[in-house]
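# dropping the sequence and predicted coords here.
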Amino acid sequence: MLHRMAIVGITSSSAKNARRYVEVMESAGADVRVLMPDDHGDVPTEELMQGIGGLLLAGGPDIDPDIYGERPDPNANLELNRPLDDLELRILEHALDLDMPVLAICRGMQLLNVAFGGKLIQDLPDHKAEKIDGRWESAYHQIFIAPGAKAAAVIGMAGLFKVNSLHHQGLKEAQRAPRLMTTAYEVDDGLIEGLESPEHSWVIGLQCHPERQDEVPKLFANLFLGLNERAETFLSAPAA
């Protein structure tokens, strides 16, 4: 019997932004389909997701505060892409309805929280990357991943990890959607660094950028291997 390569859908604002995510998922053994608003904004959701067994919500621009019932902070210098928001929200809803495996990274984790009814802190100045000599350099901090979290099981261990930080938005417990569970947090300020859905088999969100593999522990590559394995299982399951 031929091995069936999993197809993982990667949402992104552009092919350029998706490049690192495509590379790590292909390295994990997956076939990928990049889902972008310019190309797929008008495609019906079921047609768009046909054949896809897993979803990766990638990093990207800020989420429109209007979606979670707030006005934009004029001092936050928000970079918005409402067509991407709308595309990702309907794709995510479809994936959750099917209990499809989902890995949500940075903006993706924030979108996951918003989709479940949570809110965001619109600006976190201390977490931004810095531009040094014309190149963006990541900030770094320590996070704690809780024992028993799905992320810990997939990575292979819980505990303290030094990871990158390239976001200027985020959430604490006051903004967290009640149906989601906090699985990781930043040691210094308590910012939520990991979420999962207890209602689903494999829905994992992380605030850091594990696709930047030279900036996180090597074990974090297991997240992409895990998504690929779960996507294969999803696609091979008999139809309900």
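That came in fine, so what should we check first?

# what's opposite E137 in the beta bridge?
E130 (DSSP bridges).

# run a quick neighbour tally on it.
Number of residues near E137 (other C-beta atoms under 10 Å) recorded here: 13. Just so you know, the C-beta spots here come from the backbone N, C-alpha and C atoms, and that holds for glycine as well.

# before we move on, what about the one 4 residues further on?
Here the count is done by other C-beta under 10 Å, and H141 has 18 residues near it.

# same thing with E211?
Counted by other C-beta under 10 Å, the residues lying close to E211 total 24.

# next up, the contacts around it.
Neighbour list for E211: 20-21, 23-24, 58, 105, 224 [criterion: C-beta atoms under 8 Å, 6 or more residues apart in numbering].

# kindly recompute the last result at 10 Å.
18-25, 56, 58-59, 105-106, 220-221, 223-224 (C-beta atoms under 10 Å, 6 or more residues apart in numbering).

# do a quick rundown of the helices in the protein.
15-27, 37-40, 45-48, 82-97, 107-115, 150-155, 222-236 (DSSP state H).

# any low-confidence regions in this structure?
For the chain, the stretches flagged by pLDDT under 70 are 1-5, 126-136, 239-240.

# bridging residues for the spatially most central residue of the chain?
Residue closest to the mean C-alpha point of the chain, counted by C-alpha atoms, centre = their mean, is A104 at 1.8 Å. Applying DSSP bridges to A104 gives these bridge partners: L57, G205.

# now L195
Going by DSSP bridges, L195 forms beta bridges with T182, G205.

# burial measure for it, as a count.
With other C-beta under 10 Å as criterion, L195 counts 27.

# residue contacts, it?
104, 109-110, 112-113, 116, 118, 149, 151, 171, 176-177, 180-184, 203-207.

# give me that answer again for 8 Å
L195 neighbours (C-beta under 8 Å, 6+ apart): 104, 109, 112-113, 176, 180-183, 204-205.

# swap in H209?
Contacts of H209 (C-beta under 8 Å, 6+ apart): 59, 105-106, 138, 163-164, 166, 215-216.

# wait, which of these is closest to D189?
V163 (14.2 Å; C-beta to C-beta).

# can you tell me how far the closest one sits from D85?
Relative to D85, V163 is positioned 25 Å away (C-beta to C-beta, to the nearest Å).

# more neighbours: which of the two?
More neighbours surround V163 than the other of V163 and D85, with 24 against 21 (other C-beta under 10 Å).

# next, count neighbours for the closest residue to that one other than its chain neighbours.
Distances taken as C-beta to C-beta, 6 or more residues apart in numbering place C208 nearest to V163, at 3.9 Å, with adjacent residues excluded. By the criterion of other C-beta under 10 Å, C208 has 28 neighbours.

# noted, bye for now.
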